[in-house]
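1. Got a sequence here, can you model it:
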Amino acid sequence: MRMLIPTALLVFAVGCTLGPDYARPTIDAPEAWRVQPAEAENVANTQWWKSFNDPALDDLIDIALAENRDVRIAAARVEQFLGALTSTRSRFFPTVGYDMDASRAKASRVGQPPIPAGGDPYFTLYQGSLGATWQIDLFGRVRRLNEAAQARVYASEQARRGVVLSLVTSVAASYITLRQLDRQLEIAKATANNFGETARIFDLRHKAGVVSQTEVSQVRSQHEQALATIPALEQQIAAVENLISITLGRNPGPIPRGLTIDQLVPPRIPGDLPSSLLERRPDILQAEQNLVAANANIGATRALYFPDLTLTGALGSTSTSFGNFLTGPASAWLVGANLAGPIFTFGAIKGQVHSAQAQKDEAVLVYQQTILNAFRETDDAITGSVKKEEELARQAARVTALRESARLSRLKFEYGMAGYVEVLIADNELFAAEIALVRVRSERNTQIVQVYRAMGGGWVDAAADQSSATGSDAPSEPRTEAGGMRW
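-> As a prediction, the model looks like this:
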C-alpha cells in the first residue's frame with residue numbers, strides 16, 4: 001500500500017496529452033460598419049432600456065428576468081453541465097470505498113476438503129475492507145474529457161446569456177409595438193369621431209337641401225372606414241398584451257402602460273467596432289466553446305488506442321470469530337496494478353476518431369457561420385436605425401404637409417370652390433399618413449433595440465445576474481391598466 005501512491009505519481013508525471021490543443025480560428029473581421037451612426041457612443045455595457053425613461057418598461061423587464069420560464073430552463077441546463085463537469089473531474093482522483101460483510105454458512109461434509117468426523121459444519125464469517133482504485137491518466141484522456149466538459153459548461157452559460165439577451169430585447173420591442181398600437185387606436189378613434197360629427201352635419205345639410213345624397217354617402221363611407229380600423233387595432237393590442245404576459249411567465253392579461261410612443265426617448269447607438277462582437281456576443285462565445293469541446297474530444301478518442309493503467313489497493317480483516325475480527329492475525333491486504341489495452345478493434349476506435357475530427361470540422365464551420373451572421377445582423381440593425389431616422393423625418397414632414405392640405409381642402413369646400421371628394425381624399429391621406437408616422441416611429445425605436453440585441457454587451461451579464469434572483473426576490477405585481485378588449 002505504501003508503494004501505491006509514489007508509483008501512481010511517477011506514472012502520472014510521465015503521462016502525456018494526446019490530440020491538438022485548441023487555437024481560435026482566424027477571423028476576417030471588417031474594420032467598420034457599412035453605416036456609421038452620427039451619435040454613436042460606447043454605451044453597450046449600460047442597461048440601455050432605462051434610457052427610454054419609462055418606469056413601466058423597466059418593471060416589465062425586471063419581472064421577465066425573474067419569472068420567465070425560458071430563462072429558468074436555461075439556468076437549469078447550466079446546472080446539468082456543472083454536474084457533468086464535477087463527475088468528469090472526479091476521475092482525476094482515486095475511488096475509495098469500503099466493504100463490510102457478515103455471513104452464516106454450513107459447509108458440505110463430503111466436500112473438498114472434507115469436514116473431519118465430529119466437526120461442526122456451521123460457521124460464521126466476518127469480513128471488512130477499505131479499498132482504493134485509481135485509473136492513471138497516462139495519455140490525457142481524462143484531461144481532454146475534463147476540457148470538453150468545462151467547455152460545455154461555458155457554452156451552456158453563454159446559451160443562458162443568449163436567452164437573457166433575447167428576453168430583454170423581446171420585451172422592449174413588444175412594449176414599443178404595444179404603445180404604437182395604442183397611439184394608432186387613439187388616432188383611429190379620434191378620426192372616427194371627427195368623421196362621425198361631419199356625417200351628422202351633412203345629414204342636417206342634406207335635409208336643408210344644401211348638399212346632395214352622394215356627398216352624404218361619401219361622408220358616411222369615410223366614417224365607416226375609420227370605424228373599421230378600430231376592431232383590428234384592438235385585436236392586435238390584445239395579441240401583443242398576451243405575448244408580453246407569457247414572456248412575464250403569466251397568464252394572458254392586460255399590461256401596464258407608461259409613456260406614449262411619442263414620449264419614449266430612444267437610447268443612443270453603441271459605437272463599438274465589429275471585432276468587439278467576438279468577445280461578448282453570446283451565440284459567438286457559445287459556438288466557440290462548442291468548438292473547444294469538439295477539439296478536446298479528438299484527444300479523448302485518440303487515447304482509446306493506448307492502454308489503461310489501473311492501480312488497486314485494499315486493507316481489511318477476515319475472521320470466523322467476531323472477537324478477533326479486527327486483530328492482527330485477521331488482517332489482510334492487497335496491492336495490484338492492471339494494464340489493459342486494445343489489439344484488434346477492426347476500426348471501432350478509428351471510426352470514433354474520424355467522427356470526432358468531423359465534429360470538430362463542423363464546429364469550426366458553425367463558429368465561422370455564427371460570426372458572419374452576427375456581422376450581418378449588426379450591420380442590418382445599424383443601417384436600419386439610421387435609415388429609419390431619415391424615414392421618420394420625411395414622414396413627419398409629409399404629415400405636416402397633409403394637415404395643411406386637408407385644412408385648405410375643407411376651406412375650399414366650405415366656400416363652394418371644390419367638391420367634397422377633394423376633402424375626402426385629403427382626409428383619408430392624412431389619416432393613413434398619421435398611422436404610418438406612428439408605425440415608423442415605433443420601427444425606429446425597435447431598430448435601436450435590435451442594435452443592442454445584435455451587439456450584445458456587458459449589460460447582458462448584469463441582466464443575467466438579475467435573472468438569477470429567486471422567486472421571492474421578484475418584483476411585485478405592477479399596477480394594471482385596461483387596454484383593449486378582455487374576456
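
2. If you count neighbours, what's buried in stretch 316-329?
-> For stretch 316-329, a neighbour-count test (16 or more other CB atoms under 10 Å) marks 316-317, 319, 325 as buried. Any C-beta I mention is one placed from the backbone N, CA and C, and that applies to glycine too.

3. Would you state the strands of this protein in chain order?
-> With strands called from DSSP state E, the chain shows them at 95-106, 122-136, 308-319, 331-340.

4. Could I get those strands in TSV, plus columns for mean pLDDT?
-> Shown next, in TSV, are the strands of the chain (pLDDT from 0 to 100):
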stretch	mean pLDDT
strand 95-106	87
strand 122-136	85
strand 308-319	85
strand 331-340	85
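
5. Reformat the ones you listed as CSV; add distance to residue 229.
-> Below are these laid out as CSV (distance: least, CB to CB, whole Å):
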stretch, distance to residue 229
strand 95-106, 72
strand 122-136, 73
strand 308-319, 74
strand 331-340, 78
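
6. Please identify the most buried of the ones you listed.
-> Across the strands of the chain, the average number of neighbours (mean count of other CB atoms under 10 Å) peaks for strand 308-319, which reaches a mean of 18.

7. Using PDB, list the CA coordinates for that strand.
-> Provided in PDB are the C-alpha atoms of strand 308-319 (Å, rounded to 0.1, in the frame of the first residue of the first chain):
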ATOM      1  CA  ASP A 308      -5.200   2.000 -19.400                       C
ATOM      2  CA  LEU A 309      -3.200   1.600 -16.200                       C
ATOM      3  CA  THR A 310      -5.300   0.900 -13.100                       C
ATOM      4  CA  LEU A 311      -3.800   0.700  -9.600                       C
ATOM      5  CA  THR A 312      -5.700  -1.000  -6.800                       C
ATOM      6  CA  GLY A 313      -5.200  -1.500  -3.100                       C
ATOM      7  CA  ALA A 314      -7.100  -2.900  -0.200                       C
ATOM      8  CA  LEU A 315      -6.700  -3.300   3.500                       C
ATOM      9  CA  GLY A 316      -9.100  -5.400   5.500                       C
ATOM     10  CA  SER A 317      -9.800  -8.100   8.100                       C
ATOM     11  CA  THR A 318     -11.300 -11.600   7.800                       C
ATOM     12  CA  SER A 319     -12.200 -13.800  10.700                       C
END
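
8. Enumerate the sheet neighbours of that strand, specifying parallel or antiparallel for every one.
-> Sheet pairing here is set by DSSP bridges, and for strand 308-319 it gives strand 122-136 (antiparallel), strand 331-340 (antiparallel).

9. export those strands to a markdown table and tack on distance to residue 200?
-> Formatted as a markdown table, the strands paired with strand 308-319 follow (distance: least, CB to CB, whole Å):
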| stretch | distance to residue 200 |
| --- | --- |
| strand 122-136 | 92 |
| strand 331-340 | 97 |
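
10. can you tell me which of the strands of the chain comes nearest to residue 355?
-> Closest to residue 355 of those is strand 308-319 (CB to CB; 20.9 Å).

11. Which parts of the stretch 301-450 of the chain are helices?
-> 348-414, 420-455 (DSSP state H, counting those that start in this stretch).
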